[in-house]
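1. Sequence below, structure please.
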Amino acid sequence: MQEVKNKRLRNWLALFLIGFFVLGTIHSCHYYRLEKKLDPEDAEFLSKVRYIITKQEEHLFLDMPKEERKEFIEEFWKRRDPDPTTEENEFKLEYYNRIEQANELFVSEGRPGWLTDRGRIYILFGPPMERMTYPMGYGPAGPCQEIWYYGGFPVVFVDEYCNGTYRLVTYDLTPLRTINLRYMHELSMAQSQFQQTIRGDARIFDFKWQVKKKIKDDATVEGVILVDIPYTSFWFKQDEEGKLRTAVHLRVEIRNAQGEIVWEKEKSFPVVTTEEELKNFRGQKLEIEMPLSLTSQQTQLFKAKPGKIYAILKEETSGDLLRKVLEFKL
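-> Numbers count the residues shown, from 1 in each chain. Coordinates of the predicted model:
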């Protein structure tokens, strides 16, 4: 009996892992296709920030309509600005300067220097405190290599065939984060000093949503739009009583195949909490609902061709606005 149970458990685990792998592959293919459809300007941005953009930010960028990507790029750099009181964004300038420097320093690998292993480390951690090069090989029979020192921590690049192509062989770079990332440290300090609102860690404005609908006998449609917003997405203002306040404004539009608005609705949802409560909200989401109702005359517009349903969400304190779209068919 125990052997049968173990066999069933193994089969279940195998099916689970296969399903997990398939879902992950579909998810990856979805964003791969979206990336391939980017125009040259958006594709260049996404390529250049590959070392600092989070996976969540990348997916948001790919999912949003083209006309909103310019605003996303502005917000992307604004979140990383160490001193918002100045006109220049020191982080952005330093990052692009390091890309240019990497292109000048590492030109022997048949690709732009910033895309090489040495270029990546240079961009993320800056110039090493000491750089040891062994173009004729390290030791009697060793490969060509470079060793960069950040404090007492070595980063090793090996050119196995001595043809100018260096590969990073030091994999755990965690110690570097406390040694030679002065500008990153100053970034964090400046953000704490100049940030005037209270916000969650690693704030990225995002939401998930779904539409549940039911067609009645008379061809009318009733349903609900469900929206989940992570509490870490919010910026709050503190009132005189010490409470943290903001609001989210949700607008939903249903458009037919010609782009004409068939149904629309807008509603505001206040969010009030305290600093202590906010700590307990980490990992949790604000759930909001908006009722949906279409007459039989309106539903006729979607019989031949499906339309689209848009959710436009705006966060009051920061002014962040995000639009998402789903296909709408009956």
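2. what residue lies at the spatial centre of the protein?
-> Central residue of the chain (C-alpha atoms, centre = their mean): Glu57, 1.4 Å from the mean position.
3. host element of that one?
-> If you go by DSSP states H and E, Glu57 is part of helix 55-63.
4. Poorly predicted segments of the stretch 201-330 of the chain, please.
-> In the prediction, the stretch 201-330 of the chain carries residues with pLDDT under 70 at positions 201-204.
5. Kindly recompute the last result at 80.
-> Scanning the stretch 201-330 of the chain with the threshold set as pLDDT under 80 gives 201-206, 232, 279, 281-283, 318-323, 325, 330.
6. where do the strands sit along it?
-> Taking DSSP state E, counting those that start in this stretch to define them, one finds strands in the stretch 201-330 of the chain at 208-215, 221-230, 235-238, 244-255, 261-273, 285-294, 307-315, 321-328.
7. looking at those, which is closest to Gly110?
-> Gly110 sits nearest to strand 321-328 of all those, at 40.0 Å, using C-beta to C-beta. For glycine as for every other residue, the C-beta is placed from the backbone atoms N, C-alpha and C.
8. list the helices and strands that closest one packs on?
-> Secondary-structure packing of strand 321-328 (3 or more C-beta pairs under 8 Å, 6 or more residues apart in numbering; DSSP states H and E): strand 208-215, strand 307-315.
9. among these, which is nearest Pro40?
-> Comparison of the helices and strands packed on strand 321-328 against Pro40 by C-beta to C-beta identifies strand 307-315 as nearest, at 26.0 Å.
10. Please identify the buried residues of the closest one?
-> For strand 307-315, burial by neighbour count (16 or more other C-beta atoms under 10 Å) applies to 307, 309-311, 313-315.
11. same question, stretch 60-80
-> 60-64, 69, 72-73, 75-76, 80.
12. could the helices and strands packed on strand 321-328 go into JSON lines alongside distance to Cys144?
-> Below are the helices and strands packed on strand 321-328 laid out as JSON lines (distance: least, C-beta to C-beta, whole Å):
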{"stretch": "strand 208-215", "distance to Cys144": "50"}
{"stretch": "strand 307-315", "distance to Cys144": "53"}
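13. Nearest to Tyr231, out of those?
-> Judging the helices and strands packed on strand 321-328 by C-beta to C-beta, what sits closest to Tyr231 is strand 307-315, at 11.7 Å.
14. What are the structural domain limits within this structure?
-> Following automatic domain parsing, the chain resolves into domains at 2-78, 90-194, 198-328.
15. Out of these, flag the one nearest Pro84.
-> So among those, domain 90-194 is nearest, using C-beta to C-beta, at 5.4 Å.
16. The closest one - what's its average pLDDT?
-> Average pLDDT, domain 90-194: 76.
17. so how far is it from its chain's centroid?
-> 25 Å (C-alpha atoms, centre = their mean, to the nearest Å).
18. which ones are touching the closest residue in space to Val221 that isn't next to it in sequence?
-> Excluding its sequence neighbours, the residue lying closest to Val221 (C-beta to C-beta, 6 or more residues apart in numbering) is Leu294, at 4.1 Å. Counting by C-beta atoms under 8 Å, 6 or more residues apart in numbering, Leu294 touches 220-222, 254, 262-263.
19. of all the residues you listed, which comes closest to Arg50?
-> Ile254 (36.5 Å).
20. Tell me the bridge partners for that closest one.
-> Using DSSP bridges, the beta-bridge partners of Ile254 come out as Trp263, Ile309.
21. Quick one: end-to-end distance for stretch 54-74.
-> Between the start and the finish of stretch 54-74 there is a gap of 16 Å, counting by C-alpha to C-alpha, to the nearest Å.
22. contacts for that stretch?
-> 31, 34-35, 38-39, 42, 45-46, 53, 76, 202, 204, 206, 321-325.
23. Mind checking which of the residues you listed are in helices?
-> 31, 34-35, 42, 45-46, 76 (DSSP state H).
24. Which residue in the residues you listed has the weakest pLDDT?
-> The lowest pLDDT within the ones in helices among the contacts of stretch 54-74 belongs to Tyr31, with 79.
25. so what's the residue nearest to that one when sequence neighbours are not counted scoring on pLDDT?
-> Of all residues not flanking Tyr31 in the chain, Leu62 sits nearest, at 5.4 Å (C-beta to C-beta, 6+ apart). For Leu62, the model assigns a pLDDT of 90.
26. One more: Val49?
-> For Val49, pLDDT reads 93.
27. Hmm, Phe76 and it touching each other?
-> Yes. Counting by C-beta atoms under 8 Å, Phe76 is a contact partner of Val49 at 7.2 Å.
28. gap between Ser318 and Glu75?
-> 9 Å (C-beta to C-beta, to the nearest Å).
29. Over to Lys66?
-> In this view, Lys66 and Glu75 are 16 Å apart by C-beta to C-beta.
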